[in-house]
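Trainee: predicted structure and sequence below. I'll ask about it afterward.
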Amino acid sequence: MDSFDALWAELEPIGRYAGTGGYRRFVLSPAELECREWFVSTAQARGLDVETDRNGNLWAWWVPTGVDASQPALVVGSHLDSVPDGGAYDGPLGVVSAFAALDAMRSAAVVPTRPVAVVAFADEEGARFGIACAGSRLMTGALSADKARGLVDRSGRTMAEVMTSLGLDPNELGPEPERVARIGQFVELHVEQGKALVDLDAAVGVAESIWPHGRYRFTFCGTADHAGTTRMADRHDPMLAYARTALGADAAARASDSRATFGRLEVEPNGTNAVPSTVRAWLDARAADEATLDELVGRISREASGAAEGNGTTVELTVESTTPLLSFDVPLRDAVAASVARASAGGGVPILPTAAGHDAGILTDAGVPSAMLFVRNPTGISHSPVEHADPDDCHAGVDALAAVLTDLAR
């Protein structure tokens with residue numbers, strides 16, 4: 001596994017923040033742009049044809065001599081960006097493993113009979129502009145170009161402004177139906193975000209489905225005032241309405257075995273000795289089925305309205321993005337599982353649902369047959385600097401992915 005280890009050593013240091021040990025590879029930031037340069041140089045070193053599509057997704061094409069380039073392609077990859085202070089493996093493990101799997105195929109003299117591409121989708125985490133899987137959503141038409149151009153980062157800059165400052169044309173953003181139609185099958189390898197594989201004592205698993213999920217912005221508005229002179233009875237404090245909503249969300253999620261997380265806040269005027277005037281809070285909500293998710297978000301919304309009304313504040317709910325229940329293509333899933341079993345000397349292959357969103361889910365929703373492999377995470381922790389996968393499990397993931405691609409490429 002010299003190929004994987006060498007590639008991992010090149011990519012791993014990029015974008016790591018010394019203060020936390022986590023990664024800050026936000027889309028179109030210097031660190032993320034450096035990751036893109038790594039992708040291009042890695043592909044070119046292997047003689048692959050590299051292109052960047054109109055939505056910032058990176059493609060590296062392997063079309064052997066004599067292969068019809070117009071055939072439906074086998075595409076493999078993941079993403080390179082991160083959440084704030086995220087882990088090393090979420091996304092990059094899939095891209096590095098894709099290149100390493102191609103190296104393994106070439107070493108075994110495997111020659112595909114159809115085009116093969118490695119892809120790195122742009123802005124999968126949505127950490128900068130708020131929409132997860134923005135690159136794949138734009139490509140498939142699930143996110144409109146106008147909405148994307150107007151998205152605002154935490155410094156107040158729109159996506160269009162950031163792109164323009166880097167010499168990129170935001171008017172190029174938009175759906176690419178011909179590119180989507182060219183993808184015959186998509187396979188994404190990812191570190192497991194949970195520890196089912198630990199409990200099952202398996203290094204690699206295969207995905208069954210992705211829970212429905214969404215991102216929702218609650219804007220609570222009240223009256224700014226002096227923290228010392230304003231009596232408690234006279235306050236219209238949106239922070240209290242938010243706090244009660246957050247507690248209600250926790251209770252609602254626990255009651256329905258769902259997930260509800262307020263992970264981001266913006267407070268105005270954000271002064272220690274000032275009663276806030278505005279609190280913006282972003283909710284990430286997920287559930288095993290769409291009816292449960294709708295009920296969960298509805299209950300949290302009602303909690304927010306009641307909390308706001310109770311202390312003379314207001315609340316507005318904005319749905320930023322939603323993704324339905326996504327079940328992966330069963331014939332492809334079963335073929336992938338069979339290949340993984342062969343690579344693991346016939347051992348059992350766990351088939352798992354996941355509550356985490358992925359570009360593979362966006363492509364599935366667009367009608368592209370897609371599948372996912374998971375590599376064991378010894379602690380189950382993700383979106384954190386302590387996210388981890390053992391080297392032996394990473395190598396097992398490459399072996400499994402190479403077996404999958406070998407079978408599918410023929």
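Mentor: Thanks, I have the structure now.
Trainee: helix/strand/coil for Leu352?
Mentor: Using DSSP: H, G, I helix; E, B strand; the rest coil, the secondary structure recorded for Leu352 is strand.
Trainee: ok, it - how many residues close by?
Mentor: Leu352 has 18 neighbouring residues, counting by other Cβ atoms under 10 Å. C-beta: built from backbone N, CA, C; applies to glycine.
Trainee: contact partners for it?
Mentor: By Cβ atoms under 8 Å, 6 or more residues apart in numbering, the residues touching Leu352 are 192, 196-197, 205-208, 374.
Trainee: so Tyr89 makes contact with Val191?
Mentor: Yes: the criterion here is Cβ atoms under 8 Å, and Tyr89 meets it with Val191 at 4.0 Å.
Trainee: out of the two, which sits in the more crowded spot?
Mentor: With neighbours defined as other Cβ under 10 Å, Tyr89 and Val191 compare such that Val191 has more, 27 against 23.
Trainee: domain-wise, how is the chain divided?
Mentor: 2-211+325-409, 213-323 (automatic domain parsing).
Trainee: list the contacts for Val275?
Mentor: Val275 neighbours (Cβ under 8 Å, 6+ apart): 222-227, 230, 235, 237, 239.
Trainee: how about Trp282?
Mentor: Contacts for Trp282 (Cβ under 8 Å, 6+ apart) come out as 130, 215-218, 262-265, 320.
Trainee: cool, and Gly214?
Mentor: By Cβ under 8 Å, 6+ apart, the contact list for Gly214 reads 284-286, 293, 297, 319-323.
Trainee: and if you look at Asn57?
Mentor: 119-122, 135-136, 139.
Trainee: pLDDT below threshold where in the stretch 251-400 of the chain?
Mentor: 346 (pLDDT under 70).
Trainee: in it, which spans are strands?
Mentor: Applying DSSP state E, counting those that start in this stretch to the stretch 251-400 of the chain gives strands spanning 259-268, 274-275, 278-286, 314-323, 326-327, 351-354, 370-375.
Trainee: helices or strands up against the top helix by length along the chain?
Mentor: In the chain, with assignment by DSSP state H, the single longest helix is helix 290-310. Under the contact criterion of 3 or more Cβ pairs under 8 Å, 6 or more residues apart in numbering; DSSP states H and E, helix 290-310 touches strand 213-221, helix 238-256, strand 278-286, strand 314-323.
Trainee: swap in 10 Å and give it another go.
Mentor: The helices and strands touching helix 290-310, judged by 3 or more Cβ pairs under 10 Å, 6 or more residues apart in numbering; DSSP states H and E, are strand 213-221, helix 238-256, strand 259-268, strand 278-286, strand 314-323.
Trainee: circling back: mind putting the contacts of Val275 in JSON lines, pLDDT included?
Mentor: Converted to JSON lines, the contacts of Val275 look like this (pLDDT from 0 to 100):
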{"residue": "Gly222", "pLDDT": "98"}
{"residue": "Thr223", "pLDDT": "98"}
{"residue": "Ala224", "pLDDT": "98"}
{"residue": "Asp225", "pLDDT": "97"}
{"residue": "His226", "pLDDT": "97"}
{"residue": "Ala227", "pLDDT": "97"}
{"residue": "Thr230", "pLDDT": "97"}
{"residue": "Arg235", "pLDDT": "97"}
{"residue": "Asp237", "pLDDT": "98"}
{"residue": "Met239", "pLDDT": "98"}
